[in-house]
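Visitor: Fold the following, please.
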Amino acid sequence: MPLSRPRLQIRLGAIAANYRTIVAHASGAAVGAAVKADAYGLGVEPVAQRLHAEGCRSFFVASVEEGIELRQVLPDVEIAVFNGVLAGTAADLIHHDLVPLVISAEQLDSWRLAASARDDALPVGLHIDTGINRTGLQVEDARGIATASDVFAGLDVRHVLSHLASADDPGSGQPEQQLARFLDVRAALPQGRASIANSAGTFRHSDFHLDLVRPGIALYGGAPTAGVASPVRTVVTLEAPLLQIREVGPGDQVGYGATYTVTKPERHAVVPVGYADGYLRAASNRGAMAIGGHRAPIVGRVSMDLTVLDVTDVPRDALDAGVADVIGDDRSVDDVAADAGTISYEILTSLGRRYERVYID
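Guide: Residues are numbered from 1 along each chain as shown. Next comes the predicted model:
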């Protein structure tokens, strides 16, 4: 049946297969899953349910709101919140059985105060900044906490974790530096599961596996390490109908700003995908899509709703099929990201709401 609008397919079976690949690679460490930002834009409910069916029991989200949403889907799993204990969130964290990953001594004090009014211990995780310099307890503060008396009164420490800044760069030595700092602090904080490995850290070296790895992008089909063949399967495919095909000649100009001028007879096709759909404008005049396995370069600017392709070299029978592969087996999410000078994370989390979404397993 011909496409009437762009169709986004999300292969839940591929997510499950990628999870199994990570489990096999994790040297016996537990494997959690980062499902923040609506499971990287792919839909937290179906994705988390499929991961749960595969055996995943530890999930990581950014905010309390994301944690509450996930708790409605999975009542029996551990859900950790990267933002920790923000003002006014303690009651929701407790009510929905969420584990705050505290990022400061002030947050830890706030959570310990909440625990003092209860008979049972409240779960907590400690997020230590070992070099990414975003959020987290500084190493010196973490050492101070480790030596303070009654600092964990009423608390059940579930995690001691950090986050790698450059693990996806095989030439960087920063991950090893961060690991050394983390292990030094970890020796003073023996409670809870130790974790530092994201997707790239998991595939970097077994030294990074520790007690728990928490992949994100690798679950969703993004290559975990730059310049290295990806060990995971394609999860997302995005197909779009060819809206119109036209012949153009020398001197014709294409798109807003007339940034592409035709120099020889060409055939162009228009697809109804643009930056309102998360297909980034930065791919203008440099990206490509695939039609029947043949590369079709983007000409002119990507606009809000439309993108123009040069299909001069695409066989007529492929054009007659009427479908362009925006993302898929011929154009991976990493290829599309490279076209726009960005990363696969941004592509996935930018996918718009106008697509027909189809989940297949």
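
Visitor: residues making contact with the helix or strand bottoming out on mean pLDDT in the chain?
Guide: For the chain, using mean pLDDT, DSSP states H and E, the weakest element among its helices and strands is helix 139-147, scoring a mean of 92. With C-beta atoms under 8 Å, 6 or more residues apart in numbering as the contact definition, helix 139-147 has outside contacts at 104-105, 108, 126, 128-130, 137, 151, 181, 184-185, 188-189. For the C-beta atoms, the positions are set from N, CA and C on the backbone; glycine is no exception.

Visitor: Kindly indicate which of those residues lies nearest Pro224.
Guide: Ranked by distance to Pro224 (C-beta to C-beta), the contacts of helix 139-147 are led by Thr130 at 19.6 Å.

Visitor: Check Met1 and give its pLDDT.
Guide: pLDDT for Met1: 58.

Visitor: partners of Ala194 in the sheet?
Guide: Beta-bridge partners for Ala194, by DSSP bridges, are Val160.

Visitor: Now do it against Ala318, distance only.
Guide: From Ala194 over to Ala318 the distance is 52 Å, taken as C-beta to C-beta, to the nearest Å.

Visitor: go on, Val336?
Guide: Val336 sits 20 Å away from Ala318 when distances are taken as C-beta to C-beta.

Visitor: Which of the two has more residues huddled nearby?
Guide: Using other C-beta atoms under 10 Å, the more surrounded residue of Val336 and Ala318 is Val336, with 24 against 18.

Visitor: Stretch 120-140: which residues count as buried?
Guide: Buried residues in stretch 120-140, counted by 16 or more other C-beta atoms under 10 Å: 122-131, 136-137, 139.

Visitor: can you tell me the distance between the two ends of that stretch?
Guide: By C-alpha to C-alpha, to the nearest Å, the extent of stretch 120-140 from end to end equals 30 Å.

Visitor: Sheet-wise, list the partners of the helix or strand hosting Leu101 with their directions.
Guide: Taking DSSP states H and E as the criterion, Leu101 maps to strand 99-102. Partners of strand 99-102 in the sheet, by DSSP bridges, are strand 78-81 (parallel), strand 122-129 (parallel).

Visitor: Flag every buried residue along the shortest one.
Guide: Under the neighbour-count criterion of 16+ other C-beta under 10 Å, strand 78-81 has Glu78, Ile79, Ala80, Val81 buried.

Visitor: what about stretch 18-34, distance to the chain center?
Guide: 16 Å (C-alpha atoms, centre = their mean, to the nearest Å).

Visitor: sorry, that was for stretch 234-250
Guide: On the basis of C-alpha atoms, centre = their mean, stretch 234-250 sits 26 Å off its chain's mean C-alpha point.

Visitor: tell me which residues of that stretch are tucked away?
Guide: By 16+ other C-beta under 10 Å, the buried positions in stretch 234-250 come out as Thr234, Val235, Val236, Thr237, Leu238, Glu239, Ala240, Pro241, Leu242, Leu243, Ile245, Val248.

Visitor: Equivalent analysis for stretch 296-316, please.
Guide: Residues of stretch 296-316 classed as buried under the neighbour-count rule (16+ other C-beta under 10 Å) are 296-303, 305-311, 314.

Visitor: quick one: average confidence on stretch 343-353?
Guide: 96.

Visitor: Ala180: what secondary structure?
Guide: Following DSSP: H, G, I helix; E, B strand; the rest coil, Ala180 is assigned to helix.

Visitor: just checking, Asp252 touches Val262?
Guide: Yes. Counting by C-beta atoms under 8 Å, Val262 is a contact partner of Asp252 at 4.4 Å.

Visitor: Mind jotting down where the helices sit in the stretch 51-200 of the chain?
Guide: Here the stretch 51-200 of the chain has its helices, by DSSP state H, counting those that start in this stretch, at 64-73, 90-95, 105-116, 139-147, 174-188, 199-204.

Visitor: Run the chain-centre distance for the longest one.
Guide: Remark: helix 174-188 is offset 25 Å from the chain centroid, using C-alpha atoms, centre = their mean.

Visitor: how close does Ser4 get to Gly322?
Guide: Ser4 is 11 Å from Gly322, where distance means C-beta to C-beta.

Visitor: Can you show me the helices along the stretch 251-361 of the chain?
Guide: Remark: helices assigned in the stretch 251-361 of the chain by DSSP H, counting those that start in this stretch are 316-321, 333-339, 344-350.

Visitor: Run the chain-centre distance for the first one.
Guide: What it means is helix 316-321. Remark: helix 316-321 is offset 34 Å from the chain centroid, using C-alpha atoms, centre = their mean.

Visitor: That one packs against which elements?
Guide: strand 288-291 (3 or more C-beta pairs under 8 Å, 6 or more residues apart in numbering; DSSP states H and E).

Visitor: Show residues contacting the strand it packs on.
Guide: Contacts to strand 288-291, defined as C-beta under 8 Å, 6+ apart, come from residues 240, 242, 269, 271, 295-298, 307, 309, 311, 314, 318-319, 321, 323-326, 328, 330-331, 339.

Visitor: do the same with stretch 95-112
Guide: The contact list for stretch 95-112 (C-beta under 8 Å, 6+ apart) reads 64, 67-68, 71, 78-85, 89-90, 92-93, 122-127, 129, 135-137, 141, 144-145, 151-155, 158-159, 161.

Visitor: one more time with 7 Å
Guide: Stretch 95-112 is contacted from outside by 64, 67-68, 71, 78-82, 84-85, 90, 93, 122-127, 135-137, 141, 145, 153-155, 158-159, 161, using C-beta atoms under 7 Å, 6 or more residues apart in numbering.

Visitor: Sounds good, over and out.
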